[in-house]
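K.L.:
Provide a 3D model corresponding to the input given below.
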Amino acid sequence: MSRLIKDYVEVGDHGSLDALIARLTEIRDSLPDSAEAEVRMRGDDIFGRHLCIGFLRPLTAEEAACEGRYADSGAPDLRDAA
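P.N.:
Here you go, the predicted structure:
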């Protein structure tokens, strides 16, 4: 099963615009071509704000093995319950 899941990278505080651009470029270059990355500002005035990059990635082998164990335990068929 080749399924993509949503993952996130948070970019913390940076001292300069050049450092932020370098970090974002580094993140972009490490993402797969099919990542469909998006950038959002998250947080609030009390706890602070940060940039969050969301992207799609394939499951790791460990995640796929874990998901495979529970694939057959889906929701019960309601027709059988009636």
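K.L.:
Following the chain past the biggest helix by length in the chain, name the next helix or strand.
P.N.:
Scanning the chain for the helix with the most residues, using DSSP state H, yields helix 17-30. With elements assigned by DSSP states H and E, the helix or strand that comes after helix 17-30 is strand 38-44.
K.L.:
on contacts alone, who are the packing partners of the next helix or strand along the chain from that following strand?
P.N.:
Using DSSP H and E, the helix or strand that follows strand 38-44 in sequence is strand 48-58. Applying 3 or more Cβ pairs under 8 Å, 6 or more residues apart in numbering; DSSP states H and E, we find strand 48-58 packed against strand 4-11, helix 17-30, strand 38-44. Using the backbone N, CA and C atoms, a C-beta is placed for each residue, glycine as well.
K.L.:
and of those, who's closest to Ala61?
P.N.:
strand 4-11 (13.4 Å; Cβ to Cβ).
K.L.:
C-alpha coordinates for that closest one, CSV please?
P.N.:
What follows is strand 4-11, C-alpha atoms only, in CSV (Å, rounded to 0.1, in the frame of the first residue of the first chain):
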residue,chain,number,x,y,z
LEU,A,4,0.9,9.5,1.6
ILE,A,5,0.4,11.1,5.0
LYS,A,6,0.6,14.7,6.1
ASP,A,7,3.7,15.7,8.0
TYR,A,8,4.8,19.1,9.4
VAL,A,9,8.1,21.0,9.9
GLU,A,10,8.1,24.0,12.2
VAL,A,11,10.5,26.8,11.6
